[in-house]
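Undergrad: pasted the sequence and its predicted model underneath.
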Amino acid sequence: MNMDIMHLAKLCKIKIDDELAEKIKIDISKILKSVEDLPNPNKNDSFFNPDNIMTLRNDNAKGQEFTRDDILKNAPQIKAGCAVVPKEID
Amino acid sequence: MNLYEMSAAKLSKMIKSKEISALELTNTIFSRINSVESKIQSYVTLCEEDAVKTAKLVDEKISKGEQISSLAGIPIGIKDNICTKNILTTCSSKMLHNFIPPYDATVIKKLKNANVVMTGKLNMDEFAMGSSTETSYFKTTKNPYNINCVPGGSSGGSSAAVAAGEAIMSLGSDTGGSIRQPASYCGVVGLKPTYGAISRYGLIAFASSLDQIGPITKSVDDAALLYSVISGQDPLDATSQKIKPLNWNIDFSDISMIKGLKIAIPKEYFSDQINDDVKDAVLNVVKMLEKNGAKISKISLPSTPHALSAYYIISSAEASSNLARYDGVHYGYRSENYSTLTEMYENTRTEGFGTEVKTRIMLGTYILSSGYYDTYYKRAKLLQNKIISEFQETFKEYDVILTPTVPTPPFYIGAEINDSTKMHSNDMNTVSSNISGVPAISLPCCLNKNDLPIGLQLICNHFEEEKLFKIAKCCELLIGDIKLPNI
């Protein structure tokens, strides 16, 4: 299977060494190979089930009882109510 | 019989009649935990202080003559991927080893309102990816029937704790069989409810279109009681549905309902990959049901052999998206070794995730990438529709589908961890219910010659939990008690 496993790892923001890359490549290839046996889709088939429509709620923060400070308690580094990350732009 | 071996239904009656106090029961459970936890290792976090407080509150309510819920004072353990306010919730991952949620999952709020006593947080496979708890960052839980065997997974801690008497009942989550497979391995009852029957708000997401929270208990009555407390529509989960509340009668014992019951036995669930002991045990129950008047029919669900492939594609695609949030910025683990933002992301994710999680993130990223989407993801989603329509056709004619839960009895620790094909095959009989969203329950049908539990699975149509519980209770009555583990 033609798969650039190191590029894939980079896309996932994960670093892997050669040994782990080989293991993961084997595991992924096994699963992908099993998909080859799946029936081929018909061009007109849609995977959206019209009988299964999700009712969406309004996009608001109603019902949340926690504050920004509560949430930031879990942040590894905070300053002035914001999560701190390394500087990217000078 | 010891208190920790009794069902929630029985203990609830004893608490209400003041035969025992909630505090006495809670203390019994923690003393049981003290004596067996070193062997079983089912807990990540214990909450004894809060548990004692809740138990005392229940006793106070009873002494004042106040009404209490059907599960008030009953000790429950919670899988460690369900958010509990101010209590560590790790997903058994280094990535969340220090995460303290500022809110309760909806199911936890409901349990608190019912004054259920929370004993602690239970071990699991990392981010619910696994079938043995061996991918947990912290430890491998042991099977109470044989501590050299796995308890199953990913809700292995939840199942082992109930079987070992370290909790009277527990909550698990099921994405591809993660409640039913460990329930089968530990000789307890486990329900994967209909998708949308129970709110997922506060359940740390793995594959959002498949994940469901469900009960793991000592009996069908207990599963029904717990389901009745935690189910129902929640405005905070758009996928939850308005359902008829279940008002379960624990005295239900009408096995005459078996007469005329149409039971489907799909041949694909009894394939060559199913161990002979498992097949014999399940077919023995089928014989009992037939003797009591059930109409048994062999059927075919032809897409079943492909379900596992579709499951790995859909679940990994969703996992790669869901787990993109773990970057060391807002919560959880952050690497100490970085100088740039990208390096911080990469080192955090590299050090914070285990191999199984990395594999699934990478698989999901690959199949969603340009050029591969149609080949993999779309094909899997189309197969999902096919599986749903096969179930719908079946339920037009039959009341219930009966199958083995898992292909084998519990396996030895270490036996499958390096063989992903074998490990994944544990879910071959359970994934279709997640893919189609229908409810399914596993209940113990016997112990094999090595005293290891074997489970059977019953599957009903969407939102037919009440019917499923009734049929399961009939099976339970026919099967009788199975021997408890000797730890």
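TA: Alright, I've got the coordinates.
Undergrad: make it CA atoms for all contacts and neighbour counts henceforth
TA: Will do.
Undergrad: so where is chain A shaky, pLDDT-wise?
TA: Counting by pLDDT under 70, the ranges of chain A that qualify are A:1, A:41-55, A:63, A:90.
Undergrad: now the helices: where do they sit in chain A?
TA: Per DSSP state H, chain A carries helices over the ranges A:5-11, A:18-35, A:68-72.
Undergrad: how near is the nearest residue to A:R68 once chain neighbours are set aside to chain B?
TA: With sequence-adjacent residues excluded and distances taken as CA to CA, 6 or more residues apart in numbering or on different chains, A:R68 is closest to A:G81, at 7.8 Å. Relative to chain B, A:G81 is positioned 12 Å away (CA to the nearest CA, to the nearest Å).
Undergrad: dump the residue contacts of A:G81.
TA: Residues in contact with A:G81, defined by CA atoms under 8 Å, 6 or more residues apart in numbering or on different chains, are A:R68, A:D69, A:L72.
Undergrad: neighbours of the closest residue to B:Y338 other than its chain neighbours, how many?
TA: Nearest residue to B:Y338 in three dimensions, chain neighbours excluded: B:M344, at 5.1 Å (CA to CA, 6+ apart). Other residues near B:M344 number 22, with proximity taken as other CA atoms under 10 Å in any protein chain shown.
Undergrad: my guess is B:M344 contacts B:R334. True?
TA: Yes. Between B:M344 and B:R334 there is a contact under CA atoms under 8 Å: 7.5 Å.
Undergrad: my assumption is that B:S320 lies in a strand; please confirm.
TA: No. Read with DSSP: H, G, I helix; E, B strand; the rest coil, B:S320 is helix and lies in no strand.
Undergrad: that one contacts B:I361, correct?
TA: Yes. Between B:S320 and B:I361 there is a contact at 4.2 Å, judged by CA under 8 Å.
Undergrad: where do the strands of the stretch 201-350 of chain B begin and end?
TA: Secondary structure of the stretch 201-350 of chain B (DSSP state E, counting those that start in this stretch): strands at B:212-217, B:262-266, B:295-299.
Undergrad: and the most centrally placed residue in chain B, what is it in contact with?
TA: Compute the mean C-alpha point of chain B, and by CA atoms, centre = their mean the closest residue is B:I179, 2.1 Å away. By CA under 8 Å, 6+ apart, the contact set of B:I179 is B:G153, B:S154, B:S155, B:S159, B:G172, B:S173, B:G190, B:L191, B:K192, B:G214, B:P215, B:I216.
Undergrad: again with B:T135
TA: B:M124, B:D125, B:E126, B:M129, B:G354, B:E356.
Undergrad: which one (most neighbours) among those residues?
TA: B:M124 leads those on contacts (other CA under 10 Å) with 42 neighbours.
Undergrad: quick one: that residue and chain A, what's the gap?
TA: 22 Å.
Undergrad: give me phi/psi at that residue?
TA: Dihedral pair for B:M124: phi -160, psi 170, per degrees, to the nearest 10.
Undergrad: quick one, what contacts it?
TA: Contacts for B:M124 (CA under 8 Å, 6+ apart) come out as B:79-80, B:91-92, B:133, B:135-136, B:153-158.
Undergrad: in ChimeraX, select just the buried ones from the contacts of A:G81.
TA: In ChimeraX, a selection of the buried entries from the contacts of A:G81 looks like this (16 or more other CA atoms under 10 Å in any protein chain shown):
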select /A:72
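Undergrad: out of the strands of the stretch 201-350 of chain B, which is closest to chain A?
TA: Judged by CA to the nearest CA, the one of the strands of the stretch 201-350 of chain B that comes nearest to chain A is strand B:212-217, at 16.4 Å.
Undergrad: can you list the residues of the stretch 301-450 of chain B near chain A?
TA: The stretch 301-450 of chain B comes close to chain A at residues B:306, B:309-310, B:312, B:324, B:328-334, B:339-342, B:345-347, B:349-350, B:358-359, B:361-363, B:365-366, B:376, B:378-383, B:385, B:420-421, as judged by CA under 8 Å from any CA of the partner chain.
Undergrad: weed out the non-buried ones from the residues you listed.
TA: B:306, B:309-310, B:312, B:328-334, B:345-347, B:349-350, B:358-359, B:361-363, B:365-366, B:376, B:378-383, B:385, B:420.
Undergrad: just those residues: which are in helices?
TA: B:306, B:309-310, B:312, B:345-347, B:349-350, B:358-359, B:361-363, B:365-366, B:379-383, B:385, B:420.
Undergrad: phi and psi next, for B:T84.
TA: Main-chain torsions, B:T84, degrees, to the nearest 10: phi -130, psi 120.
Undergrad: same check on B:G165?
TA: Main-chain torsions, B:G165, degrees, to the nearest 10: phi 80, psi 20.
Undergrad: how about it, what does it touch?
TA: B:Y4, B:E5, B:I29, B:R32, B:I33.
Undergrad: any idea whether B:G455 is helix, strand or coil?
TA: Under three-state DSSP, the three-state class of B:G455 is strand.
Undergrad: any idea how far the spatially most central residue of chain A is from B:G354?
TA: Geometric centre of chain A, nearest residue: A:C12, 8.2 Å, by CA atoms, centre = their mean. The gap separating A:C12 from B:G354 is 14 Å, by CA to CA, to the nearest Å.
Undergrad: same question for A:L11.
TA: Per CA to CA, A:L11 is found 17 Å from B:G354.
Undergrad: how about B:K267?
TA: From B:K267 to B:G354 the distance is 37 Å (CA to CA).
Undergrad: list residues touching both of B:M344 and B:R334?
TA: When contacts are counted by CA under 8 Å, 6+ apart, B:M344 and B:R334 have B:D327, B:G328 as shared neighbours.
Undergrad: which positions in the stretch 1-150 of chain B make contact with chain A?
TA: Proximity of the stretch 1-150 of chain B to chain A, by CA under 8 Å from any CA, involves residues B:N98, B:F99, B:I100, B:P101, B:P102, B:Y103.
Undergrad: which of these ranks first by neighbour count?
TA: B:P101 (23 neighbours).
Undergrad: for it, give me its contacts.
TA: A:I71, B:C83, B:T84, B:K85, B:N86, B:I87, B:L88, B:T89.
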